[in-house]
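Novice: Provided below are the primary sequence and the corresponding predicted coordinates.
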Amino acid sequence: MRLVIPISLSPRYNPNPGASAGGVVPSEKYQATVPYLATLLGTINAVGVISSVNSPTHPLAVTLVGPQTVSVAFGANQQPLDRDLVIEIEVKTNPQYHVEVERIGENTYAAMYAFIPKATTDTGNNINTEIIFLVDCSSSMDEENKI
């Protein structure tokens, strides 16, 4: 499984361009180095037994908590917010589907359904597939602000 966490700051949308909320404002042009940093400390709970966790984009320190649980942190104290974080998690037996429900309020829940669709060509060869559903609740698509 590949988890992509967008942590790069990008000035793609500003609902009120004339106002500034203070803090660090990302540059409107690409920069090889950035002054803003992030720390990472998290836990990954898998459906199956975890065989490996790594990142092709950032140094990670991975600690095995149990057969299905690891804790992850940046290998260095802080990392620049210059690119998205990619974490690759390999489990011994990949699940075909997964349902997750989280309570986020007294009578409010969030749900996620993940599945791996199977597709084949006319000759019967398997095709690697990925389907992403994105729900944007930000207001970036209101009026003339469409991306």
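Specialist: Alright, I've got the coordinates.

Novice: All the strands of this protein, residue numbers only.
Specialist: Using DSSP state E, the strands of the chain run over 2-5, 37-38, 41-45, 50-54, 60-66, 69-74, 79-80, 85-91, 97-103, 109-115, 119-120, 126-127.

Novice: give me phi/psi at the nearest residue to Val86 once chain neighbours are set aside?
Specialist: Among residues not flanking Val86 along the chain, Thr57 sits closest, at 4.6 Å (Cβ to Cβ, 6 or more residues apart in numbering). C-beta: built from backbone N, CA, C; applies to glycine. When read as degrees, to the nearest 10, the backbone of Thr57 gives phi -110, psi -30.

Novice: Report whether the expected contact of Thr57 with Leu81 is present.
Specialist: No: counting by Cβ atoms under 8 Å, Leu81 is not a contact partner of Thr57; they are 12.0 Å apart.

Novice: ok, these two, which is more surrounded?
Specialist: Neighbour count, other Cβ atoms under 10 Å: between Thr57 and Leu81, Leu81 has more, with 19 against 16.
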